[in-house]
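Enquirer: my questions concern the predicted model and sequence given below.
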Amino acid sequence: MVYTGECMRIGIDFDNTIICYDTVFNKVGIEKGLLPENLPVGKGFVRDYLRKHDKEKEWIWLQGYVYGTRLSEADIYGGVEEFLTYSKTAGIDCFIVSHKTIYPYSGDKYDLHKSASEWIQHQKLDIEFFFELTKEDKIKRVSDLNCSYFIDDLPEFLMLPGFPEKLIKILFDPLNKYCASDFGYQYAASWNDILAMFKNV
């Protein structure tokens, strides 16, 4: 990783990058009678199970319900707090920049921005956050913040046009879903990996 510049600023995605939904989707899905208790734990397993059983509407509903009412039960990825503490002592500015609609695509109109904001405050994360309505707005916010780095779990988002030319992209992949060599990004399987990266910058 090579960085040349005066002020290091790091943009960080929110969903599946800072907040981890692996256990809460299974828990709520079982409560609502949508999932078997022996289903492997993870949001992806829940999505795939419901789609396999022609329950796309139930999957969409479950997402809105979890994001809107049960977000307090979602976990924070291990190492996030340590990374933010290090960044503050090292004089690095960090920002959460997320693409998130205000309301779910269908079902009850839970305020998803409010739920996410309350989760961040409940975790006592000392970080400024921005929730943008479109992917294009998210990229623009990253640019407007003059970020030196951006961390995201979706390679397809990092591939989109419009990012600052000198931005260094880091793909966060805790489930080892991707082959690092397939993408022209820095790669991290954990927040401990990310912390080690920046200690070596």
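Expert: Yes, it's here.
Enquirer: sticking with Phe198, tell me its helix or strand.
Expert: helix 191-199 (DSSP states H and E).
Enquirer: ok, His113 next?
Expert: Going by DSSP H and E, His113 is in helix 112-122.
Enquirer: what's the following helix or strand after that helix?
Expert: Using DSSP H and E, the helix or strand that directly follows helix 112-122 along the chain is strand 128-132.
Enquirer: would you confirm that Ile151 contacts Asp13?
Expert: Yes. Counting by CB atoms under 8 Å, Asp13 is a contact partner of Ile151 at 6.3 Å. Backbone N, C-alpha and C define where each C-beta goes, glycine included.
Enquirer: give me the contacts around the longest strand seen in the chain.
Expert: Counting by DSSP state E, the longest strand found in the chain is strand 93-99. Here strand 93-99 makes contact (CB atoms under 8 Å, 6 or more residues apart in numbering) with 7-15, 18, 84, 87, 116, 120, 127-135, 137-138, 141-142, 145, 147, 150, 157.
Enquirer: return a ChimeraX selection command for the buried portion of these.
Expert: Applying 16 or more other CB atoms under 10 Å to the contacts of strand 93-99, the buried members can be selected in ChimeraX as follows:
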select :8,9,10,11,12,13,14,15,18,84,87,116,120,127,129,130,131,132,138,141,142,145,147,150,157
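Enquirer: packing partners of the longest helix that the chain contains?
Expert: As assigned by DSSP state H, the longest helix anywhere in the chain is helix 56-69. Of the remaining helices and strands, those touching helix 56-69 by 3 or more CB pairs under 8 Å, 6 or more residues apart in numbering; DSSP states H and E are helix 22-31, helix 43-52, helix 112-122.
Enquirer: C-alpha coordinates for the first one, PDB please?
Expert: These are the backbone C-alpha positions of helix 22-31, laid out as PDB (Å, rounded to 0.1, in the frame of the first residue of the first chain):
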ATOM      1  CA  ASP A  22     -24.800 -12.700  10.400                       C
ATOM      2  CA  THR A  23     -26.700 -13.700  13.600                       C
ATOM      3  CA  VAL A  24     -29.600 -11.400  13.600                       C
ATOM      4  CA  PHE A  25     -31.100 -12.500  10.300                       C
ATOM      5  CA  ASN A  26     -31.200 -16.100  11.400                       C
ATOM      6  CA  LYS A  27     -32.600 -15.200  14.800                       C
ATOM      7  CA  VAL A  28     -35.500 -13.100  13.400                       C
ATOM      8  CA  GLY A  29     -36.100 -15.500  10.500                       C
ATOM      9  CA  ILE A  30     -36.500 -18.400  12.900                       C
ATOM     10  CA  GLU A  31     -38.800 -16.300  15.200                       C
END
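Enquirer: nothing else from me, thank you.
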